[in-house]
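S.K.: When you get a sec, could you give me coordinates for this:
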Amino acid sequence: MADTSDTRTPAQIEADIKRRREVLAETLDEIGVRVHPQTIIGDAKAKAAAHLDHTVGRAYVQVNRMVSDVRAQFVDDEGAPRLERIVPVALLAVGVVGLFAVGRRRRKG
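M.R.: The predicted structure is shown next:
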């Protein structure tokens, strides 16, 4: 059997009811803020911005690593250029640009 006797005074019961109402009101206010459209939009924006920051940060690290790898191919440990690698690449670039220029002239003419 359940014990239904309550040893609290009516004033204590009223104080307990008042306290529970205040807690319930605070909880309802918090729920109201959480489900408000502006709150939902703000949370979504913050989450998207955080994801974008993370993605951009990772991309920056990858690009930085690639640039460092390419730079290492054309510069030695002391920072001096490696001409044996730079000259062939430069000649290739000039040749490709020259081919594009000749191809454009032939199409126009």
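
S.K.: Show me how the protein divides into domains.
M.R.: The chain breaks down by automatic domain parsing into domains covering 10-74, 80-109.

S.K.: got TSV for those domains, with mean neighbour count and mean pLDDT too?
M.R.: Bear in mind the C-beta positions are built from the backbone N, C-alpha and C, glycine included. TSV is the format used below for the domains of the chain (neighbours: other C-beta atoms under 10 Å; pLDDT from 0 to 100):
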stretch	mean neighbour count	mean pLDDT
domain 10-74	10	94
domain 80-109	10	89
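
S.K.: counting contacts, what elements does the longest helix that the chain contains pack onto?
M.R.: Secondary structure of the chain read by DSSP state H shows that its longest helix is helix 37-74. Judged by 3 or more C-beta pairs under 8 Å, 6 or more residues apart in numbering; DSSP states H and E, helix 37-74 is in contact with helix 83-108.

S.K.: which strands and helices sit next to the helix it packs on?
M.R.: On a contact count with 3+ C-beta pairs under 8 Å, 6+ apart, helix 83-108 meets helix 37-74.
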